Structures are given as C-alpha cells and as structure tokens.
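**Student:** sequence isn't available, so here's the structure alone:
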C-alpha cells in the first residue's frame, strides 16, 4: 500500500504551480457546467477575484515569515540541535519529528511548519539510517492540526467582534464565538490528540527496513552555517542603533503591552494579528539586536515565494467559486447546497467537513473557505440547530485535512528540505486516510 501510494504520487503529481493552473481550469469548467455560466463570465469572476485576498495573504505571509524567523533564533536552533540527539532509532526519529511538528503547528502553523523541517534536517545530519523523504513528510504531516490550533484563521475570525462577522455569515453570527467553543472545546482537543497519535504511529510504521533514501550531507547545510566574521565595533551612531538591544526590547515591550491591554483588559479574543505580534515580539527578543532580526527575517522571506506566486491564482479560483452569473447561482453555493440537502443535525458537521475538504483542493486558504462557506454553512447550521462553534471547526478541519495532498502549503518546507512535492506526498496520502477516520469520528461524537 505504501509503495503504491508513493509511486502513484511520483508519477501523477505535477509541480505545485502547474497544479494550481489545472485546478483553475477544473473550477472554470465546473462553473460553466453546473452554474450555466458563460466563459466570459467565468473569466470575469476569476480576474475579479485575483486581488481580493491581498490583505489576508499579507497576514499569512507574516505568520509564516515571523514564525520562520523565530525558528532561526540561535537559542531555538540550539534547542533543536539538542533534541535531534534524543532518538535512538530511525522509527523513533520519525515519531519525534511528527510530534514536535504537530505540537508546534498547533501553537502556530508558520512556526510549526518551519520548526518541523528544521528539526528533521537536524536529525538527518546526525543519523544516516533514516529515510529522508519520510522524515520531511513527517515534519509536514503535523500541519494537519494547524486549523484546530490557536493560530487557526477561521476560529480566530469567529472570535473577533465587529460588523464583519455578521456580514461574512449573512447575519447568522452577530456575536463572536469564544475560543472555548471552538479550539479549546474538549471535543476538539481530544480529536487533536488522537490525530497526533495516529500520524505518529502511522509515520513510524511506514519507515522502510531497507532501501532508504539518504541525502548528500552538503545539501543539509544551512546557508548561514559558515562561521560569520567577527562584527566590527559599532562606531557610528547608525551602527550603534542597529546593534542596540534596547531598541529590540522596547519594541517587544510595546507589542506585549498592547496585547495585554487588548486581551486581558478589553477581553478581546486572540485574533490572527495578535498571533503575529506574539511571534514578532519573541523573535525580536531572541535575536537580540534589530539588525540580527532584519537579516534573519530577510532569509525567511524566501520561503514565502511560492505563496506569493500562487496565492493570487487560488484567490482567482475563489472568485470562480463565489462569482454569480446571469443564472443567479455560484459554484460555491452549488457545492454547499448539495451538502445541506442531504444533512441532518448529526451528519451536518461531517458533511460540512467533507465539503470543506473538497473545496480546499481548489482554495487552500482559511480566508477563502470563510468567504465561500460562511454565508451558507452558518445559516444552514443555525436552521438545523447546530452549534456554530462545531460548524466553524468542521470547516477548519476540512481546510486542514486535504492539505496533506495539496502541495500549496508544503512549498516552504520543501524549499528548506530541497525536495519536490512528489517526494513526500505519497506518505502524506497514507496519513490522509488515517486522519480522515479520526476526524470524522470526532465530529460525529461532537454532534451527538
């Protein structure tokens, strides 16, 4: 089964950018077929949607880059190197990478995605008995829990008060939904735990006993591993400012003060901007000086290249899904309505999850899911008496689940690992099946 999945993916999965283009055409033909839209209408919807997610894309890029910069802090890297010496066997190394990545992704998806692959490379430097492809795949599979974690964009958006919430949900939600009813709900936490256990066991069991793929040690070196030249003493006022730890600490203090006021005093929820601020403040402190942080930040931005290129295309696909032609219907509405028609209060969360999982192949963005599904799913869920927290988490889990076979978010990890998507997606396909059973069972139990 494992060899079949690996060969299948290596033969049929194209480069992620080509994958995005193919999905664009699939969505376009589906809109013409199912919604009676003309080719010109579809093109107009696509072009009109290309730039609609720029603000959200900026947030996603900052989450990724700030998380990557924090992972590159010397104290964090030393900790990763020490942990890399802990596993005593290849399966144990695979299991440890999976757990570390999953826990880190639950805390912050950008941080976890990068820490996982950095940790995997640290282990690969010290062990030559671990299959490198599976090691990187294990680092990526932890990403499956990100949207059920504290940086999940949909539950954080639901926790953010304001008119935008009512507008996005077509009036179904007028009051914010606290995190206690979504991310921190006991049903969600148990599901997260079982998913982490499931992928840890599955990844460890997938390690081959022979025929493993190792990698040239030269490819495992980081660009900044060469010993840096001793810095010259700061002589000019500009140099003293660049190396002033006081400036970093003052900015971090400002960020921390704002977050305390925002969260503790005003009682606001931890939204996506707050998560970015937390990791920005930690990064500034752990990198000591402003110029150190700037240099690390600059290196981290290269990991966002694939996102910057492909996000407008997926935003265009979202435009196709939300665009309404002369027929008066949209592709997203058709997809959601098909789910709603066969739902009842118990099966509704499960079918919402599956609908989101399919949609995620075309729109791998929490913001995209929110735009497409929120107006329909929360209204239908309210009519069926389904807890809005459960509806939101069903969408969030669906968005995260098929990321295991959607290479979009694997691009930063693959760039660091110097592998192609087809090298790891075969193993991720096995994890897709394992986690799918766990998540579906968790949603059904939560709905009962």
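**Tutor:** Cool, got the structure. Everything numeric here is computed off the predicted structure, so don't read it as measured data.

**Student:** for the residue lying closest to residue 323 once chain neighbours are set aside, give me its contacts.
**Tutor:** Spatial nearest neighbour of residue 323, excluding adjacent residues (C-beta to C-beta, 6 or more residues apart in numbering): residue 45 at 2.7 Å. C-beta: built from backbone N, CA, C; applies to glycine. Residue 45 sits next to 31, 37, 319, 320, 322, 323, 325 when contact means C-beta atoms under 8 Å, 6 or more residues apart in numbering.

**Student:** neighbours of the residue nearest to residue 111 when sequence neighbours are not counted, how many?
**Tutor:** The shortest distance from residue 111 to any residue other than its chain neighbours is 3.3 Å, reached at residue 67 (C-beta to C-beta, 6+ apart). Counted with other C-beta atoms under 10 Å, the burial measure for residue 67 works out to 31 neighbours.

**Student:** cool, and residue 236?
**Tutor:** When counting by other C-beta under 10 Å, one arrives at 8 neighbours for residue 236.

**Student:** could you do residue 448 as well?
**Tutor:** 7.

**Student:** also residue 194?
**Tutor:** When neighbours are defined as other C-beta under 10 Å, residue 194 has 16 of them.

**Student:** that one reaches residue 437, doesn't it?
**Tutor:** No. Here residue 194 does not reach residue 437: they are 9.8 Å apart, not a contact under C-beta atoms under 8 Å.

**Student:** could you list the low-pLDDT ranges of the stretch 201-350 of the chain?
**Tutor:** Counting by pLDDT under 70, the stretch 201-350 of the chain contains low-confidence ranges at 211, 214, 216-234, 267-272, 303.

**Student:** ok, which stretches of it are helices?
**Tutor:** Using DSSP state H, counting those that start in this stretch, the helices of the stretch 201-350 of the chain run over 237-242, 245-260, 272-286, 290-300, 305-322, 331-341, 348-362.

**Student:** helices or strands next to the shortest one in the packing?
**Tutor:** In this structure, helix 237-242 packs against helix 290-300, with contacts taken as 3 or more C-beta pairs under 8 Å, 6 or more residues apart in numbering; DSSP states H and E.

**Student:** who touches the helix it packs on?
**Tutor:** With C-beta under 8 Å, 6+ apart as the test, helix 290-300 has contacts from 64-66, 68-69, 72-73, 114, 223-224, 241-244, 247-248, 283-284, 287.

**Student:** what comes up buried for it?
**Tutor:** Of the residues in helix 290-300, those with enough neighbours to count as buried (16 or more other C-beta atoms under 10 Å) are 290, 291, 292, 293, 296, 297, 300.

**Student:** still on that earlier bit, quick one: which of the contacts of residue 45 is nearest residue 180?
**Tutor:** For the contacts of residue 45, the closest approach to residue 180 (C-beta to C-beta) belongs to residue 322, at 30.8 Å.

**Student:** can I assume the closest one is in contact with residue 371?
**Tutor:** Yes. Contact between residue 322 and residue 371 holds when scored by C-beta under 8 Å: they sit 6.3 Å apart.

**Student:** whichever helix or strand the residue nearest to residue 111 is part of packs against which elements?
**Tutor:** Per DSSP states H and E, residue 67 falls inside helix 54-71. In terms of contacts (3+ C-beta pairs under 8 Å, 6+ apart), helix 54-71 is packed against helix 74-84, helix 109-126, helix 272-286, helix 290-300, helix 305-322.

**Student:** which one of those lies nearest to residue 424?
**Tutor:** It's helix 109-126; of those, that one is closest to residue 424 (C-beta to C-beta) at 10.3 Å.

**Student:** any idea of the mean pLDDT for that closest one?
**Tutor:** In this model, helix 109-126 has an average pLDDT of 84.

**Student:** quick check: angle from the helix or strand that that helix is followed by to helix 109-126?
**Tutor:** Elements were assigned by DSSP H and E; along the chain past helix 109-126, the next helix or strand is helix 132-141. Note on geometry: by axes from the mean of the first three to the mean of the last three C-alpha atoms, to 10 degrees, helix 132-141 and helix 109-126 are set 160 degrees apart in direction.

**Student:** tell me what helix 132-141 is packed against?
**Tutor:** Counting contacts by 3+ C-beta pairs under 8 Å, 6+ apart, the secondary-structure elements packed against helix 132-141 are helix 90-107, helix 109-126, helix 186-206, helix 411-417, helix 421-447.

**Student:** out of those, nearest to residue 133?
**Tutor:** Residue 133 sits nearest to helix 421-447 of all these, at 4.9 Å, using C-beta to C-beta.

**Student:** show me what counts as buried in stretch 114-132.
**Tutor:** Of all the residues in stretch 114-132, those buried under the rule 16+ other C-beta under 10 Å are 114-124, 127, 130-132.

**Student:** could you do stretch 79-96 as well?
**Tutor:** Going by 16+ other C-beta under 10 Å, stretch 79-96 has these buried residues: 80, 84, 87, 90, 91, 93, 94, 95, 96.
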